[in-house]
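**Student:** Sequence first, then the predicted structure, then my questions.
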Amino acid sequence: MASHNKIKFISGSVIAAAISVIGHNVVAHTVLEVPSIVEGVRVSNNVVVGHGCGEINVIGTSVVFPDGVDSTITVDGQPHTGDLTEFIQNWGNLNTKIYSKAVFTFQGEKQDANGNVSGFWAGGGDSLPHEMAGFIPFRTSAAIIEPASCAASVKFHINIVDICQITPVSGFSAETVNLWTVAGLGTPYDRPEDGAASLTITRSEANPLPESCGGTGQVVEVKPSAAQVSRDMPIIFNGAQVWPQ
């Protein structure tokens, strides 16, 4: 396999060949295998990488969950200026990477300043054939929707970039990356229109809505901030940033 189709890790440093994104509109988006879960249940899940960059194989993927710290929150489509904890109690460190070499050889978690997992990455070894789907496993622990809230569900928009060639940001194109991300944040990873994967946590029957909600639950949505995406989307390996270069 040509060197431009792999991420190479040698002696603790990465020698990356030129790999160079705006995801194109196709049916097989990168999504979560299980996009909706009930609160209170721990779920094993997969990021499903749908395809390559045209006929170029995927050599890695980078995943960012909204951290809830400075995320954009809407309630029934309207901006909300309060905290995520008003709707979900324990989001901070619910998502963890499950170790697997089924698709890529190397992998790691991304952490915020408090040590909470805010995303993960996988890459290197064999590339994922451009015409095939690949499963990148992770686990979501049991979430708790705030009982006093009127939230019927909380939907998290997850930014994912599938990497086909390693380039600097200036080299992003339809042949180097597929962007499954939020639009309009003002980062190099934005799509022209929203195309992020999502994970929705729904309220359980054991946690009924308060009577004050009038029997109608609220739909809460959470998107990552530009600052978080800029911080967490790059891939760091052995202390060095290997993508983007």
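**Tutor:** In hand now; what should we look at? What you see is a predicted model; the values in this text were computed from it and never measured.
**Student:** Count the neighbours of the nearest residue to Asn57 once chain neighbours are set aside for me.
**Tutor:** Counting by CB to CB, 6 or more residues apart in numbering, Asn57 lies nearest to Ser127, which is 3.7 Å off, once chain neighbours are set aside. Every C-beta, even on glycine, is put in place using the N, C-alpha and C of the backbone. By other CB atoms under 10 Å, the residues close to Ser127 number 23.
**Student:** likewise Gly214?
**Tutor:** Counted with other CB under 10 Å, Gly214 comes out at 9.
**Student:** just to revisit the earlier point, name the element the residue nearest to Asn57 belongs to?
**Tutor:** Counting by DSSP states H and E, the element that carries Ser127 is strand 117-128.
**Student:** how far out from the middle of the chain is that strand?
**Tutor:** 12 Å (CA atoms, centre = their mean, to the nearest Å).
**Student:** could we number from 211 for the rest of this?
**Tutor:** Yep, numbering from 211; the last one is strand 327-338 now.
**Student:** Partner strands of it and their direction?
**Tutor:** strand 268-274 (antiparallel), strand 316-321 (antiparallel) (DSSP bridges).
**Student:** can you put these in TSV and add mean neighbour count?
**Tutor:** Shown next, in TSV, are those (neighbours: other CB atoms under 10 Å):
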stretch	mean neighbour count
strand 268-274	27
strand 316-321	18
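**Student:** Ile346: which of those is closest?
**Tutor:** strand 268-274 (6.0 Å; CB to CB).
**Student:** Just the C-alphas of the closest one, formatted as CSV.
**Tutor:** Provided in CSV are the C-alpha atoms of strand 268-274 (Å, rounded to 0.1, in the frame of the first residue of the first chain):
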residue,chain,number,x,y,z
VAL,A,268,-9.9,6.4,4.8
ILE,A,269,-6.8,6.3,7.0
GLY,A,270,-8.2,7.7,10.2
THR,A,271,-11.1,9.5,11.9
SER,A,272,-11.5,12.2,14.6
VAL,A,273,-14.6,12.5,16.8
VAL,A,274,-15.6,15.4,19.0
